[in-house]
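quick one: sequence plus predicted model below, questions after.
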Amino acid sequence: MGNNESNPVRNLDKRTARREYKSDFVGAINNYRYHHVNDNNNSNDNGNDNNIINNNNDVHVYVRKRPIFNHEKENGEFDVITANNKNSIVIHDCKMHRFILLRLTLTLTLTLLTLLTLLTLLTLLTLTLTLTLTLLTLIVITIITIITIITIIIIIIIRTIYKIISIIKIILIY
């Protein structure tokens, strides 16, 4: 509203939220199925359902759960109906609850902290490389200076030897 430029509120429709947060929803549905689905679901069925109570006052609802089509899977859809047993089904309503938003917020915060840590490490690595290059440059300059000093000393020694030889020649001539 007043500060919508700095902190925009993004409302998602149910399908977009379900697709965008698919991994969270699928994880929660799989967790539910792991803990709640009856193992009798896969029992051998010969068409006779002994679990139905034949009472004239009962209301019977028959449901056929169709498979998800490939084009739906390609669009990011996933199965939201769980058949617990022959007498009950659960339709998972993939809404964003506070705990999911809190978890997403924590995940984003941890991701940002990880990125900041990586940036800090990269900065430290850059500084270390810069210092290493500076140190290597100083070592090369020192080696060049030492070679120059050794060259000057050799030149002085050669001149001195030449002068000594000249003096010896003069002494020998006279």
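Thanks, I have the structure now. Residues are numbered from 1 along each chain as shown.

tell me the phi and psi of the residue nearest the centre of the chain?
For the chain, the residue nearest the mean C-alpha position is T111 (7.5 Å; Cα atoms, centre = their mean). When read as degrees, to the nearest 10, the backbone of T111 gives phi -60, psi -40.

cool, and N84?
phi -70, psi -50.

for it, give me the pLDDT.
Per-residue pLDDT puts N84 at 74.

that one against H35, yeah?
No - using Cβ atoms under 8 Å, N84 is not in contact with H35; the gap is 10.9 Å. The C-beta positions use only the backbone N, C-alpha and C, and glycine is treated the same way.

over the helix or strand L116 falls within, what's the mean pLDDT, rounded is fine.
Element membership for L116, per DSSP states H and E: helix 98-173. The average pLDDT within helix 98-173 is 91.

just checking, what packs against that helix?
The contact analysis (3 or more Cβ pairs under 8 Å, 6 or more residues apart in numbering; DSSP states H and E) places helix 98-173 against helix 22-36.

which other residues reach the helix it packs on?
18, 76, 78-80, 82, 84, 90, 92, 94, 100, 103-104 (Cβ atoms under 8 Å, 6 or more residues apart in numbering).

still on that earlier bit, between N84 and H35, which one's more packed in?
More neighbours surround N84 than the other of N84 and H35, with 15 against 7 (other Cβ atoms under 10 Å).

quick one: I146 from I153, how far?
11 Å (Cβ to Cβ, to the nearest Å).

kindly apply the preceding question to L119 instead.
51 Å.

and what of L172?
28 Å.

between these two, who's got more neighbours?
The residue with more neighbours, out of L172 and I153, is I153; 10 against 7, by other Cβ under 10 Å.

you'd agree H60 is in a helix?
No - applying DSSP: H, G, I helix; E, B strand; the rest coil, one finds H60 to be coil, outside a helix.

do you know how far it is from N75?
Going from H60 to N75 by Cβ to Cβ gives 34 Å.

repeat for I149
For I149, the distance to N75 equals 77 Å [Cβ to Cβ].

kindly report the same for L135.
Where N75 is concerned, L135 sits at a distance of 58 Å (Cβ to Cβ).

can you check L118 too?
On the measure of Cβ to Cβ, L118 and N75 end up 34 Å apart.

H92: neighbour count?
Neighbours of H92 under the rule other Cβ under 10 Å: 17.

fine by me, we can end here.
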